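Peer 1: Sequence first, then the predicted structure:
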Amino acid sequence: VLPERLTRLVTLLSRLPGVGEKTAQRFVLYLVSQDAELPRRLAEELASLGTHLRPCERCGHIAEVGEPDLPVWCSICKDNKRDPRLLCVVARVQDLLAIERSAAMRGRYFVLGKLLSPLEGIGPEDLPLETLKRRLDEGEIAEVVVATPPSVDGEATALLLARELAKRNVRVSRIASGVPHGGDLEFADQITLGRAIEGRKELV
Ligand SMILES: [Zn+2]
């Protein structure tokens, strides 16, 4: 019953995480009821995502593309006030953002992009371990804080990292429990997450 153009937009929006068809329909009806300004700005921003944003070449966080000759680094990698000795390894950008909200991490990050998962067929060779090791070769990092989620896959990934980095001259620690098992870092409150990072323990 909606015009074809709007149905297409509803279908596209329903592909976003957490957006069902009803919500998508509400978005679309709201957008057509507004003056053209909001839809136009949304369209502009969306169209520029692919050209202006890329994974940070150093850590995998989202970075803004600058001058063509400059390396693409995120704001955290560029931030001189960060402690260069601390590197926090997370599974996803959402986890990095959750830890940043807790303000408990003074160092920088490394985003794995995925977790080890035998069930889903994700093995060690699918993780960016070589990039991580190259990062450690830079020599400044003294401690790797593994902040993968407290799930089966998160623990397996933490053990893999401990094993892979065992012969390196770095301390490898794991955030303390406190975040419920199987829980998602993204939904842990800031205080719990802050305590989990402060109470991290060395992995053997
Ligand atoms: Zn970065």
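Peer 2: Sure, I can see it. Numbers count the residues shown, from 1 in each chain.

Peer 1: what residues does this structure put near the ion?
Peer 2: Proximity of the chain to the ion, by Cβ under 5 Å from the ion, involves residues Cys56, Arg58, Cys59, His61, Cys74, Cys77. Heads up, the C-betas are built off the backbone N, CA and C, glycines and all.

Peer 1: And the furthest pair within those?
Peer 2: Farthest-apart pair in the residues of the chain next to the ion is Arg58 and His61; separation 8.6 Å (Cβ to Cβ).

Peer 1: For Glu155, which non-adjacent residue is closest in space?
Peer 2: Once flanking residues are discounted, Glu155 sits nearest to Thr148: 7.6 Å by Cβ to Cβ, 6 or more residues apart in numbering.

Peer 1: Could I get the pLDDT score of the one you found?
Peer 2: Listed pLDDT for Thr148 reads 94.

Peer 1: Can you list phi and psi of it for me?
Peer 2: phi -70, psi 160 (degrees, to the nearest 10).

Peer 1: show me what contacts it?
Peer 2: Val89, Val90, Ala91, Asp95, Leu112, Leu115, Gly154, Glu155, Thr157, Ala158 (Cβ atoms under 8 Å, 6 or more residues apart in numbering).

Peer 1: which of these lies closest to the ion?
Peer 2: Val90 (11.8 Å; Cβ to the ion).

Peer 1: pLDDT score assigned to that closest one?
Peer 2: Reported pLDDT for Val90: 97.

Peer 1: ditto for Val179
Peer 2: Predicted confidence (pLDDT) for Val179: 63.

Peer 1: And for the one 4 residues further on?
Peer 2: The predicted local confidence for Gly183 comes out at a pLDDT of 66.
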